[in-house]
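Asker: could you work out the structure for the sequence below:
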Amino acid sequence: MTAFDEATTMRKVYGRLMPMLFAMMFINYLDRINIGFAALDMNKQLGFSPAVFGFAGSIFFVGYMLLEVPSNLILHRVGARIWIARILLTWGAVAAATAFVFNDTSFYALRFLLGVMEAGFLPGIAVYLTKWFPVRYRARAVGGYIVAGSFSAVLGGPISTMLMTYANGILGLAGWQWMFILEGLPAMLLGLLTLRILTERPADASWLTSDEMHWLESTLAAEREAVGGNRHVPLLRVASDIRVWSLACLFGCALVGIYGLFLWLPQIVKSLGQLNNIQVGFLSAAPPLLGVFGTFLISRSSDRTGDRKNRLAFVYGMSALAIAGSAYAPSPVIAYLLLCATGLFIYSGNPLFWSLASSFRTGAAGAATIALINTIAQFGGLVGPWSIGLVRNATGNFKLALLTIAAFLVIATIIALVMRVTPAEDETAGLATGDAAPGA
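Answerer: This next block holds a predicted model:
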C-alpha cells in the first residue's frame, strides 16, 4: 500500500470515529465541570459552604477509582461499543438527577454515583483507539478527542450560565436545576448513537476497503506483537511496573491543578470583580480556549519527534509558573491573564499522558495498565477540589490554594524529567524470547 493510500485510510478512520468521540468527551467534561457554574447560585440556595462544595467535587473520584479497573476489564471482554454505550446512558441519567439534590448528603451521594457510572470511560476510549490508530498517528488521535474537554470548558461556561439565567423559574425549577437536566440528556442520546455508529475494530468496518482493512489490521497486529502481543501478563507485573507508578503519580499531581482549578474557576473569576453569571461564564472560557491551541501544537510536535516526557515536563512547568504568578498578581487583570496562560499549558499535557499510557502494553494487560494508571492518578481529583475548598474556608481567599496547585505541578514536572518510559531490560528480554508468565 502506498504512503498516499495510507494517509487516505487514516483520514477516513479519523473522520469516521473522531466526531463521535469528540461529542462524548465534550459532554463528559461538561457533566463534570458544570457544578462549578451551578455553585454560583446553588451554593447560596442550598446553604453549601466552600468545604461542602469542594468535598462533593472530590467524592466523584472515589466512585471513579473504585470501579475504574473492573470497568476497563469488562470493556475488554464485552467490547468497547457496548460498554461505552452503557457508561454514557447511566452517567447521563445520574448527571440529570443532580438537579434534584436538596442537601449536602444527597449532593455527595449523586456525585459519588456519577463517578461510579462514568468509571472506565477515559481509559476505555484510550484502549479503543489502540484498535484503530497505529502509534505514529495516536497522539493526534488522542488529541482529537481530548481537546473536546477544552472545548467543553470553553463553551460550557456560556452555555451553563445562560441556561441558569434564562431557564430560571420554568416549571418552578431553578436555573441551575435546568442546567443539570439539559446537560445530562445528551449523554444518554450519545449512548444510543454509540450502538449504531461505532465499529468495534477494522475487521468489522464495512466502510473500509479490503486493502485498507488488511493494511490497518496487519500494522496494528505488528505493533501489538512488538510490545508483547496477546501474551498474558500477570496483574502483579502490571502493578509492579515502575513506569505505571511514575506516570500515575505525574498525572495525579497534574490533576490536582486541572480539576482543582477548573471546578473552582468560575468562583475564582467571580472573586476578581463585580461580575454577573453570564460574564463569569464567558471569562471562564478563555483559559480552556487557549488550551485547545496548546493541545494541537504540543500533540503535533510530539508526534513529529516521538518525545512525550520532556514535553510533559515543559507544559506542567510553565503551568506552575503561571498559576503561582496569578496568586501574586498586582491587579485582577494580570491575575486573570496568568490564569489564561495556565489554561494554555495545563490542558496540553493530556494527549501526551494518554499516548504514553496506551503505549506500555496491549490487549487485556493494556486495558489493565491504562485503567490502573488512571485509577492511581485520580488522587489528584480527590485532593484538588476539596483542598481548595478547605483553604478557601480557612483563609477567605484563593491565594494559598493557587500556590498549592503550583507546588503539585512542580512535582509533576520533576517526575516527567526523571521517569523511565521504556520497558525494563528483563521484560524486553522475556518478550524477545517469547516467554511470559501465565496469568490475567
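Asker: can we go C-alpha only for contacts and neighbour counts from here?
Answerer: OK.
Asker: could you verify my assumption that Trp91 touches Glu118?
Answerer: Yes - shown here, Trp91 and Glu118 form a contact pair, counting by C-alpha atoms under 8 Å, at 5.6 Å.
Asker: what's stretch 140-159 in contact with?
Answerer: Residues from elsewhere that reach stretch 140-159 (C-alpha atoms under 8 Å, 6 or more residues apart in numbering): 14, 18, 21-23, 25-30, 33-34, 37, 126, 129, 133, 278, 280-282, 284-289, 291-292, 295-296, 299-300, 303, 347, 350-351, 354-355.
Asker: send me it as PDB with only the CA atoms.
Answerer: Extracted as PDB, the C-alpha positions of stretch 140-159 are listed here (Å, rounded to 0.1, in the frame of the first residue of the first chain):
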ATOM      1  CA  ARG A 140      -3.000  13.300  17.200                       C
ATOM      2  CA  ALA A 141      -6.000  10.900  17.600                       C
ATOM      3  CA  VAL A 142      -5.900  11.200  21.300                       C
ATOM      4  CA  GLY A 143      -5.600  15.000  21.000                       C
ATOM      5  CA  GLY A 144      -8.500  15.000  18.600                       C
ATOM      6  CA  TYR A 145     -10.900  13.800  21.300                       C
ATOM      7  CA  ILE A 146      -9.100  15.000  24.500                       C
ATOM      8  CA  VAL A 147      -9.300  18.600  23.100                       C
ATOM      9  CA  ALA A 148     -13.100  18.200  23.400                       C
ATOM     10  CA  GLY A 149     -12.600  18.700  27.100                       C
ATOM     11  CA  SER A 150     -11.100  22.100  26.400                       C
ATOM     12  CA  PHE A 151     -13.900  23.000  24.000                       C
ATOM     13  CA  SER A 152     -16.400  21.900  26.700                       C
ATOM     14  CA  ALA A 153     -14.800  24.200  29.200                       C
ATOM     15  CA  VAL A 154     -14.800  27.000  26.600                       C
ATOM     16  CA  LEU A 155     -18.400  26.600  25.600                       C
ATOM     17  CA  GLY A 156     -19.600  25.100  28.900                       C
ATOM     18  CA  GLY A 157     -19.400  28.400  30.800                       C
ATOM     19  CA  PRO A 158     -21.600  30.500  28.400                       C
ATOM     20  CA  ILE A 159     -24.000  27.500  27.800                       C
END
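Asker: quick one: mean pLDDT over it.
Answerer: Stretch 140-159 shows a mean pLDDT of 82.
Asker: do stretch 176-185 as well
Answerer: Stretch 176-185 comes out with an average pLDDT of 96.
Asker: among the contacts of stretch 140-159, name the ones in helices.
Answerer: 14, 18, 21-23, 25-30, 33-34, 37, 126, 129, 278, 280-282, 286-289, 291-292, 295-296, 299-300, 303, 350-351, 354-355 (DSSP state H).
Asker: the most centrally placed residue in the chain and Leu250: what is the separation?
Answerer: Geometric centre of the chain, nearest residue: Leu122, 6.2 Å, by C-alpha atoms, centre = their mean. Distance of Leu122 to Leu250, computed by C-alpha to C-alpha, to the nearest Å: 17 Å.
Asker: ditto for Arg243
Answerer: Applying C-alpha to C-alpha to Arg243 and Leu250 gives a distance of 10 Å.
Asker: more crowded one of those two?
Answerer: Each of Arg243 and Leu250 has its neighbours counted (other C-alpha atoms under 10 Å); Leu250 has more, 28 against 22.
Asker: residues in contact with Pro186?
Answerer: Taking C-alpha under 8 Å, 6+ apart, one finds 27, 92 in contact with Pro186.
Asker: redo that, cut-off 10 Å
Answerer: Applying C-alpha atoms under 10 Å, 6 or more residues apart in numbering to Pro186 gives the contacts 23-24, 27-28, 88-89, 92-93, 96.
Asker: which one of these is nearest Asn397?
Answerer: Asn28 (29.4 Å; C-alpha to C-alpha).
Asker: isn't the closest one right up against Ala119?
Answerer: No - here Asn28 lies out of contact with Ala119, judged by C-alpha atoms under 10 Å, at a distance of 11.3 Å.
Asker: what residues do those two have in common as contacts?
Answerer: Each of Trp91 lies in contact with both Asn28 and Ala119 under the rule C-alpha under 10 Å, 6+ apart.
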